[in-house]
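*Asks:* turn this into a model:
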Amino acid sequence: MSDARLKGLQAEMEKAALDLVALLPGPNLVFLSGLSFHLMERPVVALIPRKGMAALVLPELEAAKVAASRIPFVPFPYGEDEDSRTSAFAAMAKRMEIESQKLGVEYLRMRVLELRLLENAAPRVTAVDASSALASVRMTKDEDEIEAMRTAVRIAERAFDQTLPAIRAGVREREIAAELTLQILRAGSDSELPFAPIVASGPNAALPHALPGERMLQSGDLVIIDWGAAHKGYFSDLTRTLAIGTLSDELRTVYEVVRRANQAGREAIRPGAMAGDVDAAARSVIAAAGYSERFIHRTGHGLGLEAHEEPYIREGSALRLAPGMTFTVEPGIYIAGVGGVRIEDDVVVTAQAAESLSSYPRELIIIPG
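*Replies:* Residues are numbered from 1 along each chain as shown. Model (predicted):
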């Protein structure tokens, strides 16, 4: 598997005319090698050539990890002093005969620290964005990856069930978020969660990425809960919206519109369809109900080793969906000063259509007020 992943990346490098790709600690390095490092003050840089042996510059205290890599690396360990670090990068550049090659970097992850060390070791190298090549390799998941995500979804759903009894009027948002985090870990999640749970009630639910605060849940509130779990490094990401007590007629209508938009988005998924088609299917339901200006984000995002990755399910995207692609479907309506609704599921494209990895009920859950 690891050999296939490495060959897949090297094939994408060939297409993009990249001579080398530099990887920092994070999902791309884990995907290729299985090695996990902290992104910290001691730099770790893997250098993947289009042909030949890969190199890894890393602190001496991490050097023993190299033996567990799924792909072979020539290690270049360094000590605590700056000269040792500089020497390790210089030795790596010399061993790999780096001169004026085109170096692909992770545009959203590469730091000035590592880039300067690479440029100082190889002054004639040209750094360019390698995001597309890396995304192409990771976007289509294999069965092991999909099964890990299925498990992450089951863990998240079990945790939500265990949290429901704690949700009631008079409880603060942050108390529910804390309980949900505890239940996610108790249900078997990896300790590194995809993100801290969002619990947003009443007017706060009009903010898609609201942070849980001191607000107490009140009768008449909508409560958006957005959470996820992790299994073997792969993530789930779900959202359900609950009602506390009796809702206004408008908010009940809004909920039903979002539920139908979620269903329409999921039903539009099939191999060969464009990502923009899925967005349009969900968005058209909301527009027909008169709430188009209240749907203020894309319909979904890719999911895997990251909570947000390719493919992005957004308006106008011509990306063709293919079996094995995994992403969220999460339409929403947000009314400033009043509240909001979002319903989010995790899906995988199959040979004919799509499988929803999540099965938690989408009907409105009403908590007695």
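
*Asks:* farthest from the middle of this protein: give me that residue.
*Replies:* In the chain, the residue that sits farthest from the middle, by CA atoms, centre = their mean, is Asp83; the gap is 36.9 Å.

*Asks:* so how far is stretch 289-306 from its chain's centroid?
*Replies:* Centre-to-centre, stretch 289-306 and its host chain are 14 Å apart (CA atoms, centre = their mean, to the nearest Å).

*Asks:* same check on stretch 188-200?
*Replies:* Relative to its chain's centre, stretch 188-200 lies at 12 Å (CA atoms, centre = their mean).

*Asks:* same question for stretch 108-127.
*Replies:* Relative to the centre of its chain, stretch 108-127 is centred 26 Å away, using CA atoms, centre = their mean.

*Asks:* offset the numbering so it begins at 89, please.
*Replies:* Got it, the first residue is 89 from now on, which makes the last one we talked about stretch 196-215.

*Asks:* how about residues contacting that stretch?
*Replies:* By CB atoms under 8 Å, 6 or more residues apart in numbering, the surrounding residues in contact with stretch 196-215 are 108, 110, 112, 114, 116, 127, 131, 133, 173-174, 177-178, 180-181, 186-193, 219. Just so you know, the C-beta spots here come from the backbone N, C-alpha and C atoms, and that holds for glycine as well.

*Asks:* go on, stretch 133-144?
*Replies:* 94, 97-98, 101-102, 106-112, 117, 120-121, 123, 132, 145-146, 154, 157, 159-164, 177, 180, 183-184, 202, 205-206.

*Asks:* what do you get for stretch 342-355?
*Replies:* Residues from elsewhere that reach stretch 342-355, judged by CB under 8 Å, 6+ apart: 310, 329, 331, 335, 366-367, 369-374, 377, 379, 383, 387-388, 401, 417-421, 423, 429-433, 435, 442, 444, 450-452.

*Asks:* am I right that the residue farthest from the centre of the chain sits in a helix?
*Replies:* Yes - per DSSP: H, G, I helix; E, B strand; the rest coil, Asp171 lies within a helix segment.

*Asks:* where do the helices of the stretch 139-288 of the chain begin and end?
*Replies:* Using DSSP state H, counting those that start in this stretch, the helices assigned to the stretch 139-288 of the chain run over residues 170-183, 200-209, 219-226, 231-251, 261-274.

*Asks:* right, and those - which one's nearest Ala317?
*Replies:* Of all the helices of the stretch 139-288 of the chain, helix 231-251 sits nearest to Ala317, with 4.0 Å by CB to CB.

*Asks:* buried residues in the closest one, which are they?
*Replies:* For helix 231-251, the neighbour count (16 or more other CB atoms under 10 Å) marks 233-234, 236-248, 250-251 as buried.

*Asks:* related to what we said a few turns ago, could I get the helices of the stretch 139-288 of the chain as TSV with distance to Tyr322?
*Replies:* Formatted as TSV, the helices of the stretch 139-288 of the chain follow (distance: least, CB to CB, whole Å):
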stretch	distance to Tyr322
helix 170-183	31
helix 200-209	26
helix 219-226	11
helix 231-251	4
helix 261-274	14
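
*Asks:* got these as TSV, with mean pLDDT columns?
*Replies:* Below are those laid out as TSV (pLDDT from 0 to 100):
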stretch	mean pLDDT
helix 170-183	96
helix 200-209	97
helix 219-226	97
helix 231-251	98
helix 261-274	98
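
*Asks:* select, out of those helices, the one closest to His319.
*Replies:* It's helix 231-251; of these, that one is closest to His319 (CB to CB) at 4.2 Å.

*Asks:* tell me what angle the closest one forms with helix 219-226.
*Replies:* With axes from the mean of the first three to the mean of the last three CA atoms, to 10 degrees applied, the angle from helix 231-251 to helix 219-226 works out at 90 degrees.

*Asks:* neighbouring contacts of helix 231-251?
*Replies:* 89, 229, 264, 267-268, 271-272, 274-277, 313, 315-324, 326, 328, 391-392, 412, 414, 434, 436, 445-448.

*Asks:* filter the contacts of stretch 133-144 to the buried ones?
*Replies:* Of the contacts of stretch 133-144, these count as buried by 16+ other CB under 10 Å: 94, 97-98, 101, 106-112, 117, 120-121, 123, 132, 145-146, 154, 157, 159, 161-164, 177, 180, 184, 202, 205-206.

*Asks:* next step: those residues restricted to strands.
*Replies:* Under the assignment DSSP state E, those contribute 108-111, 145-146, 161-164 to strands.

*Asks:* closest to Ala223 out of those?
*Replies:* Closest approach to Ala223 among those (CB to CB): Val109, at 12.4 Å.

*Asks:* how near is the closest one to Gly192?
*Replies:* For Val109, the distance to Gly192 (CB to CB, to the nearest Å) stands at 4 Å.

*Asks:* shared neighbours, the two?
*Replies:* Counting by CB under 8 Å, 6+ apart, the residues touching both Val109 and Gly192 are 101, 218, 221-222.
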